[in-house]
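Q: Sequence first, predicted coordinates after that:
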Amino acid sequence: MKKLLISPSKMTLGEQENQIYQNILKQSSELSLNLMAVKVENHPDDFLPWCYELLSASRDRMNYDLLEPQQLPVLKKLHDQLISAISFLQVKTLRIAPWPVVSVFVEQHKDVIALDEQLRLVDYIKSIRKQSLKDMIPEDLLAFSGKHMASLDPSTYNFDVEWFASTKSAKSFHQMLGDLPGAFDDALVNIPLEGDITQYEYQQFVAAYSKIFTDNNEKPTLAPATRLLAMRRPDIFTPITNNRLDALCGALGVSKLKNSDFERYWQDIVKGIQAMSWYKMAKPSNELEEQLVAIKALIPCFFHYADAKTPDNSNYIKLLSKPKRTTTTTGKTQRRGKESAEILVDRALAADDIPEHIRSKRDSIVSEVQKGRSVNETISLMRTIFG
């Protein structure tokens, strides 16, 4: 372990990497006796695999029974630093990587980043993108804006809506979006659905978006705005979240954005990524690359840290393991609006394998879905009853 800890001092590290290394050493010093008890056989020569090895050694191979209670927060901070460092180093490779290297990286890591599930979200958003926010059913609005709730039926929403950028903590944003969806439509209409986007068009969006909040004595925040922009134009806008912002800005070589830096987001993030060679040369040579080129501004999201546990942390996967009838603390089933129930049922009944005698039970199915039963559960029940 000692050899592993000191090996980066013999590597050629840049200023940012060296600062990261020094910060990691500070945390490691408080855990030195515990770390020294971990057997290490792999001694990487590069900083990125070194971060992976130290993370594995300290998280998966350390004897937690020997840790003092006050050491647990220190260990958690060490893991957070290593995960942030891995994200920083991987995203940083986008500065120089050509398109073939980028696409191969995504393909090689498709299992740990749950790529298939993330692409299902992208495809679903594509199917509703032309619809105005005010005309969306509540579930579709959650999918577009990036907030998971138990009301999202996994038989219809077979993905975690919080991939790319979760907005669940943006309470004011969701309050405004729920009350004034038409105002957000007026902002988004400034962003064309096709073709290039000018700085002026972006500024018109920012002005309209900010006005929604200032008119209601709230402060407009950048992160949820980037989620809306990224879902409208995933080939242009990269979404940001507070927990990934350090790694992203550091990798792009810019100072960290504040949550009100709308102008810098355009200059440093949007234009910075568009200037990268892989972005400019992105041309598909297979089916997967066709999907990636269409959402190339989302690709930096795939370069953040992920491991074998990442797919299981999907809210969609977690929802599948929950009881089919979701109840509130009062024991009452969560009901759906009639419009939402009708749309969700009609989508399911449009499938080719649904027999006509099941379609004829549409109103009964809608009624059950309104009561909180999942669409698939209800249709399966109807199949059982009516054959």
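A: Sure thing, it's come through.
Q: Name the nearest residue to E289, sequence neighbours excluded.
A: Spatial nearest neighbour of E289, chain neighbours left out: S103 (5.2 Å); criterion: Cβ to Cβ, 6 or more residues apart in numbering. Placement of C-beta: from N, CA and C, glycine included.
Q: Oops, could you answer that again for S132 instead?
A: Nearest to S132 is D185, by Cβ to Cβ, 6+ apart, at 4.8 Å.
Q: name the element the one you found belongs to?
A: Assigned by DSSP states H and E, D185 belongs to helix 181-188.
Q: Buried residues, that helix. List them.
A: By neighbour count on 16 or more other Cβ atoms under 10 Å, the buried set for helix 181-188 is 181, 183-188.
Q: Remind me which helix or strand N18 belongs to.
A: Using DSSP H and E, N18 sits within helix 15-29.
Q: what does the helix or strand following that helix contact?
A: The helix or strand immediately downstream of helix 15-29 is helix 32-36, counting by DSSP H and E. For helix 32-36, the surrounding residues in contact (Cβ atoms under 8 Å, 6 or more residues apart in numbering) are 1-2, 5, 28, 57-58, 62-63, 66-67, 71.
Q: Which elements pack onto the longest helix belonging to the chain?
A: When the chain is parsed with DSSP state H, its longest helix is helix 72-92. Contact analysis of helix 72-92 by 3 or more Cβ pairs under 8 Å, 6 or more residues apart in numbering; DSSP states H and E lists helix 15-29, helix 47-60, helix 242-252 as its packing neighbours.
Q: can you put those helices in TSV and add mean pLDDT and mean neighbour count?
A: Shown next, in TSV, are the helices and strands packed on helix 72-92 (pLDDT from 0 to 100; neighbours: other Cβ atoms under 10 Å):
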stretch	mean pLDDT	mean neighbour count
helix 15-29	93	16
helix 47-60	95	19
helix 242-252	91	19
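Q: got a pLDDT number for the nearest residue to K361 once chain neighbours are set aside?
A: Nearest residue to K361 in three dimensions, chain neighbours excluded: M382, at 5.3 Å (Cβ to Cβ, 6+ apart). M382 carries a pLDDT score of 75 in this model.
Q: Just confirm M382 contacts R362, I think it does.
A: No. Between M382 and R362 there is no contact under Cβ atoms under 8 Å: 9.9 Å.
Q: Between these two, which is the more surrounded one?
A: More neighbours surround M382 than the other of M382 and R362, with 21 against 14 (other Cβ atoms under 10 Å).
Q: what sits against that one?
A: Counting by Cβ under 8 Å, 6+ apart, M382 touches 358, 361, 364-365.
Q: Check the gap between it and L344 for me.
A: M382 is 15 Å from L344, where distance means Cβ to Cβ, to the nearest Å.
Q: Repeat that for K147.
A: Distance of K147 to L344, computed by Cβ to Cβ: 18 Å.
Q: helix, strand or coil for M149?
A: Using DSSP: H, G, I helix; E, B strand; the rest coil, the structure places M149 in coil.
Q: now the one 4 residues further on
A: Going by three-state DSSP, the secondary structure assigned to D153 is coil.
Q: number of nearby residues for the residue lying closest to it once chain neighbours are set aside?
A: Distance criterion Cβ to Cβ, 6+ apart; nearest residue to D153, sequence neighbours excluded, is S374 at 5.0 Å. Counted with other Cβ under 10 Å, residues neighbouring S374 total 20.
Q: Number the chain from 755, please
A: All right, first residue 755 from here; so that's S1128.
Q: picking up where we left off before, quick check: which helices or strands does the following helix or strand past the longest helix of the chain pack against?
A: Using DSSP H and E, the helix or strand that follows helix 826-846 towards the C-terminus is helix 853-862. Packing partners of helix 853-862 (3+ Cβ pairs under 8 Å, 6+ apart): helix 1031-1034, helix 1041-1048.
Q: Helices of the stretch 855-1004 of the chain, residue ranges please.
A: All helices of the stretch 855-1004 of the chain, identified by DSSP state H, counting those that start in this stretch, fall at 869-882, 892-899, 925-933, 935-942, 953-968, 976-986, 996-1006.
Q: buried sites along the longest helix of the chain?
A: Result for helix 826-846 [16+ other Cβ under 10 Å]: buried residues 828-829, 832, 835-846.
Q: distance of the residue nearest to S838 when sequence neighbours are not counted from L1011?
A: Excluding its sequence neighbours, the residue lying closest to S838 (Cβ to Cβ, 6+ apart) is A1001, at 5.2 Å. Distance of A1001 to L1011, given as Cβ to Cβ: 12 Å.
Q: Hmm, I994 and L983 touching each other?
A: No. The pair L983 and I994 fails to qualify as a contact (Cβ under 8 Å) at a distance of 10.2 Å.
Q: what's the pLDDT at S786?
A: pLDDT recorded at S786 is 89.
Q: burial of it, as a residue count?
A: When counting by other Cβ under 10 Å, one arrives at 12 neighbours for S786.
Q: chain center to stretch 885-905: distance?
A: Chain-centre distance of stretch 885-905: 16 Å, with Cα atoms, centre = their mean, to the nearest Å.
Q: Pull out the buried positions in that stretch.
A: Neighbour count says stretch 885-905 has 887, 890-891, 893-902, 905 buried, by 16+ other Cβ under 10 Å.
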